[in-house]
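J.: Requesting a structural model of the entry that follows:
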Amino acid sequence: YFKEQSRLGLEERFASPQFTKKVSDPNWPEKQKEYYERLEQERSMIERTGFSGYFLIVSDFIKWAKRNG
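T.: Numbers count the residues shown, from 1 in each chain. Next comes the predicted model:
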């Protein structure tokens, strides 16, 4: 679940207005690959240290706070 949520979060960022310029760049496929590789490195570190649950709980808190102002 942590792995899937991480990937979905990155893909949401790619769709955000902040990434419009980067996504339209001709080198985007190469850059996108670098983002996914970095995500995998960081996710692997989080999983190895046993903090996956912590990140999911914090994510839930943040989502709730955004929904509730």
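J.: Please report the distance of Arg67 from Phe61.
T.: Going from Arg67 to Phe61 by C-beta to C-beta, to the nearest Å gives 11 Å. Where C-beta positions appear, they are placed from N, C-alpha and C, glycine not excepted.
J.: Isn't Phe2 up against Leu39?
T.: No - shown here, Phe2 and Leu39 do not form a contact pair, counting by C-beta atoms under 8 Å, at 11.5 Å.
J.: For this structure, which element, helix or strand, carries the lowest mean pLDDT?
T.: The helix or strand of the chain with the lowest confidence, counting by mean pLDDT, DSSP states H and E, is helix 20-24 at a mean of 93.
J.: which residues make contact with that helix from outside it?
T.: Applying C-beta atoms under 8 Å, 6 or more residues apart in numbering, the external contacts of helix 20-24 come out as 14, 28, 31.
J.: one more time with 10 Å, if that's ok
T.: For helix 20-24, contacts defined as C-beta atoms under 10 Å, 6 or more residues apart in numbering pick out 14-16, 28, 31-32, 35.
J.: Can you go through these and name the buried ones?
T.: 32, 35 (16 or more other C-beta atoms under 10 Å).
J.: how would you label Gln32: helix, strand or coil?
T.: Classification of Gln32 by DSSP: H, G, I helix; E, B strand; the rest coil places it in helix.
J.: Roughly how far does the closest residue in space to Trp28 that isn't next to it in sequence sit from Ile57?
T.: Residue nearest to Trp28 in three dimensions, not counting chain neighbours: Lys22, with 6.5 Å by C-beta to C-beta, 6 or more residues apart in numbering. According to C-beta to C-beta, Lys22 and Ile57 sit 30 Å apart.
J.: ranges for the helices of the chain?
T.: 2-14, 20-24, 28-48, 52-67 (DSSP state H).
J.: Tell me which residues touch Tyr35, please.
T.: Here Tyr35 is in contact with 10-11, 13-14, 19, 22, 28 (criterion: C-beta under 10 Å, 6+ apart).
J.: ok, now Ser59?
T.: Contacts for Ser59 (C-beta under 10 Å, 6+ apart) come out as 2, 5-6, 9.
J.: Please tell me how far it sits from Gly9.
T.: 8 Å.
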